[in-house]
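J.: Provided below for reference: sequence and predicted model.
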Amino acid sequence: MEQKPAQKVLVHCLVNLGDVVLATSAIALLKQHFPQMRISMLVKPSVAEVLQGHSLLEEVIPLVYQPKERSWRQMLRFVKELQGRHFDLSISLDRKLRPSILTLLAGIPLRVGPDRLFDNKPSQIRRLWSHAVHTSDDFLNTHQSELFQDVIRGAFKVKGSAKPVIGAITNNHREKAKALLASLPPGNKRVALCVKGTYYLKNWPQASFVDLIDRLSSQTGVSCLLVGAPEDKDYAQQIADASLAPVLNLCGETSLLEFAALCRQIDLLITIDTGGMHIAATTGVPIIGIFRCVSAKRWTPLCKKSYVAQHKLAECPIVDAPEKCPMHYCVQDIPVEELAAAAERFLK
């Protein structure tokens, strides 16, 4: 890389919510060393809101995909938009083909990306960049946020580490969260549970969540609420209906930053491995994360108080490479007693 760092930087990160949140640690590290940089971030429209009002970003650019027959025409228009912004550096934090082609066609002179990021497989996409950066050799035992930051450390020959940073939580976000929680008894410990994700093998069984809620609610002064996306509401309501205790179902009731504001007003979050977990980790709320047979060291929530409940890797069909075991529903074997005991410790 050149000695004098670029001034206008485009970071493309067309990945899922949790990955985008963790990737903001690379933005934070970049700004630590080069505060004069003007950084824009290219993301999926569905995750752009979590970066709204971000203190380290000049602009958040959603990349909208259209039907295939109009896709290339749309992409050529987008190339012209990038050319008009006059970026002199692009950084890939997704290792995706489409944004790599866009930045090449836009004539961005310096284009940096990682030789590996989400897996160890080689990729020909690196041929589209001017510089490829090597990330950690200890892939499974390195947190994903550190792999993102390896791109910055390798490209700019800098050291240090940074934490993820989400967008600005405003008074409106805080007041919305406060209003949603108003129906809970005052003074009670508030325990939120995220019970469903987009990948079914990550989902702890509904019956286990019901058992856990009943155990928690039986303790004096504990109220439970369910959080998640709009499409999770019916699934979560089945858990609420089966519980012996009253449960507040807030799935679909918050935006991403309103969810972050809500996390600042509760006492504990119990969640499956999902993007919301990484948003919550930036707020300081204690977190119990439920993981299947993946490397929890790569995906654990980055907060001071956390507990990982996980299927024992020794029982995984592929012990040395658990992330190659996509079809084993091992999360069902995590005992309710383990999570109940961890929750009790946090609540005390």
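T.: All right, it came through fine.
J.: the stretch 1-150 of the chain: strands as residue ranges?
T.: 8-12, 38-43, 59-62, 89-92, 110-114, 131-133 (DSSP state E, counting those that start in this stretch).
J.: Throw those into CSV and include distance to Leu250, thanks.
T.: Heads up, the C-betas are built off the backbone N, CA and C, glycines and all. CSV is the format used below for those (distance: least, CB to CB, whole Å):
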stretch, distance to Leu250
strand 8-12, 32
strand 38-43, 25
strand 59-62, 26
strand 89-92, 36
strand 110-114, 37
strand 131-133, 41
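J.: now, of those, which is deepest in the fold?
T.: Highest mean neighbour count among the strands of the stretch 1-150 of the chain (mean count of other CB atoms under 10 Å): strand 89-92, with a mean of 28.
J.: partners of it, with directions?
T.: Looking at strand 89-92 with DSSP bridges, its partner strands are strand 8-12 (parallel), strand 110-114 (parallel).
J.: how near is Ser306 to Leu216?
T.: As judged by CB to CB, to the nearest Å, Ser306 and Leu216 stand 18 Å apart.
J.: more neighbours: those two, which one.
T.: Set Ser306 next to Leu216 and count neighbours by other CB atoms under 10 Å: Leu216 wins out with 23 against 19.
J.: so which of the strands paired with strand 89-92 is nearest Leu102?
T.: Across the strands paired with strand 89-92, Leu102 has its closest neighbour in strand 8-12 (7.9 Å, CB to CB).
J.: only the buried residues of stretch 123-143, if you could.
T.: Within stretch 123-143, the residues scored as buried using 16 or more other CB atoms under 10 Å are 123, 125-126, 128-129, 132-133, 135-136, 139, 142-143.
J.: now swap in stretch 294-312 and tell me
T.: In stretch 294-312, counting by 16+ other CB under 10 Å, buried: 294-296, 298-303, 306-311.
J.: from those, which ones fall inside helices?
T.: 296, 298-299 (DSSP state H).
J.: got the end-to-end distance for stretch 278-289?
T.: Distance between the boundary residues of stretch 278-289 (CA to CA, to the nearest Å) amounts to 10 Å.
J.: so how far is that stretch off the chain centroid?
T.: 11 Å (CA atoms, centre = their mean, to the nearest Å).
J.: equivalent analysis for stretch 31-51, please.
T.: 15 Å.
J.: and what of stretch 88-105?
T.: 21 Å.
J.: any weak-confidence spans in the stretch 1-150 of the chain?
T.: Counting by pLDDT under 70, the stretch 1-150 of the chain has low-confidence residues at 1-5, 66-70.
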